[in-house]
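S.K.: please work out how this folds:
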Amino acid sequence: IAYGNRSTSDPAPNALLRFPLPAGTTFVAASGGGVLSGGEVQWSLGTLQPGQSGKRSVFLTTSPGFAAGTLLRAEVALSDTAAPPQLA
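M.R.: Modelled structure (predicted):
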């Protein structure tokens, strides 16, 4: 997943990658510190400075699982929140 802060002057504190769970699935696990919060899996990116960008590979396991080659369409959004999720 590619992400970035498009602002030229303002940092984005507590930035998150957010992946809403598809209907009918249950969260099992996520890589890289991903946590379940309110029906979506979130990964903390920390503070992104103006113009900062990056890429991150994340993995998600749900139940039931999906057949190999199944394409899930989900919205992944970069958000600025007041407090980051608690990472286990």
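S.K.: in this protein, which residue is closest to the centre?
M.R.: Leu17 (2.6 Å; C-alpha atoms, centre = their mean).
S.K.: so that residue makes contact with Gly4?
M.R.: No - assessed by C-beta atoms under 8 Å, Leu17 is found out of contact with Gly4, at 11.7 Å. Where C-beta positions appear, they are placed from N, C-alpha and C, glycine not excepted.
S.K.: tell me which helix or strand of the protein sits lowest on mean pLDDT?
M.R.: Least confident element among the helices and strands of the chain, by mean pLDDT, DSSP states H and E: strand 77-80 (a mean of 56).
S.K.: one step back: check which helix or strand covers the residue nearest to the centre of the chain.
M.R.: Assigned by DSSP states H and E, Leu17 belongs to strand 12-20.
S.K.: same check on Ser57?
M.R.: Counting by DSSP H and E, Ser57 is part of no helix or strand.
S.K.: number of nearby residues for it?
M.R.: Neighbourhood size, Ser57 [other C-beta atoms under 10 Å]: 7.
S.K.: ok, Gln42 next?
M.R.: For Gln42, the neighbour count with other C-beta under 10 Å is 21.
S.K.: what angle do the helix or strand harbouring it and strand 12-20 make?
M.R.: Take DSSP H and E as the rule and Gln42 turns out to sit in strand 40-48. For strand 40-48 against strand 12-20, the angle by axes from the mean of the first three to the mean of the last three C-alpha atoms, to 10 degrees is 160 degrees.
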